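>>> Just need the structure, nothing else, for what follows:
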Amino acid sequence: MHARTLAEELWRRHGLSIPLDLKSLAVELDVEVVSFPFAGRIKEMIIGRTIGVQRGVTRRWFRWYVAHAMGHHRLHVGTRFYLQSWQWVNHAKAERQAEEFAAALLGGPDGWRRTASELGIPDEKLLLVRRATGPLNGLSG
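Prediction:
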């Protein structure tokens, strides 16, 4: 299923609103969210039904990483580690899908009209939200 379609379905099924209450959604999806002392490039990881987010990130980035990990959880079955350079092609596609899901989930039906502050997301992700939730992308009502 398409990332935006999955996000839209969560909005319908759970009656979500802006700013998205990720804690409540995580409970409803039976997903635990924890801070974890990841080092280096790892900012988030999902294993089973637990999302770990690197300690010390800002609240806005924490929210983005949780939504991103929920995207992996909803879109990609199983946990994968990419050890070989050729495996990064699939990894790049999975990352794009998780980013699209996070944008559509945190933006909701009219995210394209909102500010990063209203959505509780990093400023750097606002353009992605606008692309994912714009009137031509199926989420606007």
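
>>> Could you list the single helix or strand in the protein with the lowest mean pLDDT?
Every helix and strand of the chain was ranked by mean pLDDT, DSSP states H and E. The lowest is helix 88-107, at a mean of 86.

>>> buried sites along that helix?
94, 97-107 (16 or more other C-beta atoms under 10 Å). No exception for glycine: its C-beta is placed from N, CA and C like everyone else's.

>>> any chance of those residues in TSV, plus distance to residue 24?
Output for the buried residues of helix 88-107, formatted as TSV (distance: C-beta to C-beta, whole Å):
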residue	distance to residue 24
94	26
97	24
98	21
99	23
100	22
101	18
102	17
103	20
104	18
105	13
106	14
107	17
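
>>> Nearest to residue 14 among those?
Distance to residue 14 across the buried residues of helix 88-107 (C-beta to C-beta) is lowest for residue 105, with 10.5 Å.

>>> so which helix or strand takes in the nearest residue to the closest one once chain neighbours are set aside?
Excluding its sequence neighbours, the residue lying closest to residue 105 (C-beta to C-beta, 6 or more residues apart in numbering) is residue 7, at 4.2 Å. Using DSSP states H and E, residue 7 sits within helix 3-14.

>>> so for that helix, what's the average pLDDT?
Averaging pLDDT along helix 3-14 yields 95.

>>> Equivalent analysis for stretch 130-140, please.
Throughout stretch 130-140, pLDDT has a mean value of 74.

>>> In three-state terms, label the nearest residue to residue 55 once chain neighbours are set aside for me.
Computed as C-beta to C-beta, 6+ apart, the closest residue to residue 55 that is not its neighbour in sequence is residue 35, at 4.6 Å. Classification of residue 35 using DSSP: H, G, I helix; E, B strand; the rest coil returns strand.

>>> Please list all residues in contact with residue 6.
Contacts for residue 6 (C-beta atoms under 8 Å, 6 or more residues apart in numbering) come out as 71, 74-75, 101.
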